[in-house]
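Trainee: missing the sequence, but the structure's below:
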């Protein structure tokens, strides 16, 4: 990953857009958009749909900033003065999802000693952000579909409907089409939330914007009154070489810890490397289908041969799509391309 960072961490590329976005703590986060056409395409899409009430599905790996994008949409919409309500569908027990979303009447089930308003009702006039919507139980999916179709909710234990005016923004790090095919997600709900779809690219593929993201993180620390020392070239090189499976969230974590533990001294590559090693790595779901009877690669194969064979296996799984293969392997898409070219030269063929 090439970069224009100087010793101080300053970036010198033009046309950098830094948009302040509200957060739940009362402050602002920053959405950084450089000159990467993919990020600019996302911004153009969001700019076109933010003033509308259309449902939006944000797709991307964990840590890519899906919630940040959702907040950006809310604050630039006509609902900006209305409530902003969020629910992580994978963070609460399935048995409580329906009462959390739709509300419940007193006595509807054990533990409800008074009427409970649901999050959809609380978001009336504003925006409801449903993170990890792929985790929503089937029963709740049916009720959510009804809300999106009719604009009405029914609390658990009630026989009466209530009208609501809510915009829904959903996010997922799963392939919902695969979830539909597996019978875990309703096709009709998929179409309802897939009216507008944006996909956030992983950090490892944001080469042109990487230095500006680093500088934005450093600026945020400075704004908190934290003394930010010099970021040496060796530190930048380590940052650039890492694949960042945790994406921007991991980058923020590593940089902040390195700054706080620096003692005011310049941060070098070893300091960054130490924080990366100590950073918990996200669980990566194995999407590869495991063929029966395959026990791995023969011990006679060299490491390069095993690497190339596994890259090809993942490429085949994704129909030759290098971007998706790179995402599953946790590497930059250029790594896939370079190995494919190198293998083709060795075999005397042309790379696809």
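Mentor: Nice, I can see it. Computed from a prediction, not measured in an experiment: that's the story for all the values here. Numbering: from 1, shown residues only.
Trainee: residue boundaries of the helices in the stretch 251-352 of the chain?
Mentor: Along the stretch 251-352 of the chain, counting by DSSP state H, counting those that start in this stretch, helices occupy 269-278, 303-317, 322-329, 333-347.
Trainee: now the first one, how far from the centre of its chain.
Mentor: On the basis of C-alpha atoms, centre = their mean, to the nearest Å, helix 269-278 is displaced by 23 Å from the centre of the chain it belongs to.
Trainee: tell me the buried residues in it?
Mentor: Buried residues in helix 269-278, counting neighbours by 16 or more other C-beta atoms under 10 Å, are found at 269, 271, 272, 273, 275, 276. Where you see a C-beta, it was placed from the backbone N, CA and C, and this is true even at glycine.
Trainee: may I see these arranged in TSV, with pLDDT as well?
Mentor: Below are those laid out as TSV (pLDDT from 0 to 100):
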residue	pLDDT
269	93
271	94
272	94
273	92
275	92
276	90
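Trainee: make CSV out of those and add distance to residue 65.
Mentor: Formatted as CSV, these follow (distance: C-beta to C-beta, whole Å):
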residue, distance to residue 65
269, 26
271, 25
272, 21
273, 25
275, 20
276, 20
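Trainee: residue 145: which of those residues is nearest?
Mentor: Distance to residue 145 across the buried residues of helix 269-278 (C-beta to C-beta) is lowest for residue 276, with 42.6 Å.
Trainee: ok, now which ones touch that closest one?
Mentor: By C-beta atoms under 8 Å, 6 or more residues apart in numbering, the contact list for residue 276 reads 238, 242, 254.
Trainee: shaky segments in the protein?
Mentor: The model of the chain has pLDDT under 70 over residues 1-15, 280-300, 319, 347-352.
Trainee: could you pull out the helices for it?
Mentor: 37-49, 66-75, 94-102, 119-122, 138-150, 176-181, 187-193, 210-223, 233-241, 247-260, 269-278, 303-317, 322-329, 333-347 (DSSP state H).
Trainee: make CSV from those and add distance to residue 163 to it.
Mentor: Listed next are the helices of the chain as CSV, based on distance: least, C-beta to C-beta, whole Å:
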stretch, distance to residue 163
helix 37-49, 24
helix 66-75, 21
helix 94-102, 13
helix 119-122, 10
helix 138-150, 9
helix 176-181, 28
helix 187-193, 18
helix 210-223, 41
helix 233-241, 51
helix 247-260, 38
helix 269-278, 51
helix 303-317, 46
helix 322-329, 41
helix 333-347, 47
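Trainee: ranking these by burial, who's on top?
Mentor: Most buried of the helices of the chain by mean neighbour count (mean count of other C-beta atoms under 10 Å) is helix 66-75; its value is a mean of 22.
Trainee: contacts for that helix, please.
Mentor: So helix 66-75 is contacted by 19, 21-23, 29, 31, 42, 46, 49-50, 56, 58-60, 80, 84, 86, 126-127, 129, 131, 169, 171, 173, 198, 200 (C-beta under 8 Å, 6+ apart).
Trainee: rewinding a little: which one of the helices of the chain lies closest to residue 111?
Mentor: For the helices of the chain, the distance to residue 111 is smallest for helix 94-102, at 9.6 Å, taking C-beta to C-beta.
Trainee: about what we covered before: so which of the contacts of helix 66-75 belong to strands?
Mentor: 19, 21-22, 29, 31, 56, 58-59, 84, 86, 127, 129, 131, 169, 171, 198 (DSSP state E).
Trainee: which residues does the nearest residue to residue 270 once chain neighbours are set aside contact?
Mentor: Leaving aside its chain neighbours, residue 270 sits nearest to residue 234 (7.6 Å; criterion: C-beta to C-beta, 6 or more residues apart in numbering). Contacts for residue 234 were tallied using C-beta under 8 Å, 6+ apart; they are 268, 269, 270.
Trainee: distance of the last one from residue 45?
Mentor: Between residue 270 and residue 45 the distance, using C-beta to C-beta, to the nearest Å, works out to 41 Å.
Trainee: if we can go back for a sec, among the contacts of helix 66-75, name the buried ones.
Mentor: Among these, those classed as buried by 16+ other C-beta under 10 Å are 21, 29, 31, 42, 46, 49-50, 56, 58-60, 84, 86, 126-127, 129, 131, 169, 171, 173, 198, 200.
Trainee: tally of neighbours for residue 30?
Mentor: When neighbours are counted by other C-beta atoms under 10 Å, residue 30 registers 17.
Trainee: which strand residues bridge it?
Mentor: residue 20 (DSSP bridges).
Trainee: please begin residue numbering at 36 from this point
Mentor: Right, with 36 as the first residue, what we last looked at is residue 65.
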